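Asker: from the sequence below, what's the structure:
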Amino acid sequence: MKKTDFKTKNKTDLINLFKEKKESIRNFNFGTSGSKTRNVKEAKKLKKEIAQILTVLNSQKIKA
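Answerer: Numbers count the residues shown, from 1 in each chain. This next block holds a predicted model:
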């Protein structure tokens, strides 16, 4: 997703999306320890999206 997509969502949607991404990265990390993961670039993408979500949440918090 692009950062502009995150800006259009409300706070509850962003929090739920953040939880999903954190769970995905957790599953990815457990998958790498068992050598089940093939796409190693997925972790970088997930971390970037988590950072973008947190940035939007913090900017909404500052504006309020």
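Asker: once you drop chain neighbours, what's closest to residue 18?
Answerer: Of all residues not flanking residue 18 in the chain, residue 53 sits nearest, at 4.9 Å (CB to CB, 6 or more residues apart in numbering). Backbone N, C-alpha and C define where each C-beta goes, glycine included.
Asker: for the one you found, pull up the helix or strand it's in.
Answerer: Per DSSP states H and E: residue 53 is located in helix 41-63.
Asker: how far off centre is that helix?
Answerer: Centroid separation for helix 41-63 versus its chain: 6 Å, with CA atoms, centre = their mean, to the nearest Å.
Asker: do stretch 28-42 as well
Answerer: On CA atoms, centre = their mean, the centre of stretch 28-42 falls 17 Å from that of its chain.
Asker: and if you look at stretch 19-38?
Answerer: Per CA atoms, centre = their mean, the centroid offset for stretch 19-38 relative to its chain is 13 Å.
Asker: over to stretch 16-29?
Answerer: The answer for stretch 16-29 is 7 Å, by CA atoms, centre = their mean.
Asker: now stretch 2-18
Answerer: That offset, for stretch 2-18, works out to 10 Å (CA atoms, centre = their mean).
Asker: just the residues contacting stretch 28-43, thanks.
Answerer: The contact list for stretch 28-43, computed with CB atoms under 8 Å, 6 or more residues apart in numbering, reads 25, 46.
Asker: please apply the same query to stretch 49-62.
Answerer: So stretch 49-62 is contacted by 1, 3, 6-7, 9, 11, 14-15, 17-18, 21-22, 25 (CB under 8 Å, 6+ apart).
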